[in-house]
Every structure is written in C-alpha cells, then in structure tokens.
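Engineer: Give the three-dimensional model of this entry:
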Amino acid sequence: MNNILKNIVAIRCKYGISQENMADDLGIKQGSYSLIENGKRDLKYDTLLQIAIILKVSIIDIITYPKKYVDADSLGISEGSLEEKVTIQIELKNSKKEKVLAMIFNKQDCEIINS
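Structural biologist: Alright, predicted model coming up:
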C-alpha cells in the first residue's frame, strides 16, 4: 500500500496538482487528503478510483508507476487520458445497420470501417 501512496504523490506532483486541489476534487478537506497520502487513513477503492480519474491515469498505472501497465501509444491513448480506443466487430443486415449504430453510439463516437 505504501508504494501506491508514494506513486499517487509522485504522479500528483508530476502534474503540478496540490493536495488542496486533490482534496477539493474529492470533496474532502486537505487535512483528510493528507492523512490518506501519509497512510494514516485507509485508501478505499472508490477513493483510489476518484484519484485516478482526477490524475487522468488508470488505477493499474498508479500501482505500477513509473512503469505503464499498457503502452498508451499502442492503444492510441495519449498520456494523461482515460480515453481508450476500442474495436468492435458486429455483423448486421444492411437494413438494420444504421438503426443499431444510431441506437448504440448515437452516431457521434463511431467510425464505420469497411461498411
């Protein structure tokens, strides 16, 4: 657990985020956040998830810091981003394709390849 806490501090400092800003984003007081980073208050999974979101890294990358669990470049993910590239292959009849894509993706976040 100490390594995870040290990694959180290192990542937070790397991005120039203060304890006060972290605490504000978590909805707690700075003193409470300091207790978490110093291991004097339990770090619950939900809080770790919120911290990862604030720092814009995955939980696994917090755990393995400074190494990355997955090479972001190979997935088309920019550093500091939680956005991931996902490929889904679905076979549909042409008459249903547009309707299904519109329903699932709202036609905003998808690219049709080999349509």
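Engineer: Kindly provide the distance from residue 26 to residue 50.
Structural biologist: According to Cβ to Cβ, to the nearest Å, residue 26 and residue 50 sit 6 Å apart. All C-beta atoms are positioned from the backbone trio N, CA, C, and that covers glycine.
Engineer: Tell me where the chain has helices.
Structural biologist: For the chain, applying DSSP state H gives helices covering 2-14, 19-26, 30-37, 45-55, 59-64, 72-75, 94-105.
Engineer: Worst mean pLDDT among the ones you listed?
Structural biologist: In terms of average pLDDT, helix 72-75 trails the rest of these, at a mean of 52.
Engineer: tally of neighbours for the residue nearest to residue 68 when sequence neighbours are not counted?
Structural biologist: Once flanking residues are discounted, residue 68 sits nearest to residue 61: 5.4 Å by Cβ to Cβ, 6 or more residues apart in numbering. By other Cβ atoms under 10 Å, the residues close to residue 61 number 20.
Engineer: Equivalent analysis for residue 45, please.
Structural biologist: When neighbours are counted by other Cβ under 10 Å, residue 45 registers 8.
Engineer: ok, for residue 51, nearest residue in space, not its chain neighbours?
Structural biologist: Sequence neighbours aside, residue 8 is the residue nearest to residue 51 in space, at 6.0 Å (criterion: Cβ to Cβ, 6+ apart).
Engineer: if I look at that neighbour, how far off is residue 15?
Structural biologist: According to Cβ to Cβ, residue 8 stands 11 Å off from residue 15.
Engineer: go on, residue 32?
Structural biologist: Noted for residue 32: a distance of 21 Å to residue 15, by Cβ to Cβ.
Engineer: on that earlier part again, can you verify my assumption that the residue nearest to residue 68 contacts residue 48?
Structural biologist: No: using Cβ atoms under 8 Å, residue 61 is not in contact with residue 48, being 11.9 Å away.
Engineer: which residues does residue 3 contact?
Structural biologist: The neighbours of residue 3, taking Cβ atoms under 8 Å, 6 or more residues apart in numbering as the test, are residue 63.
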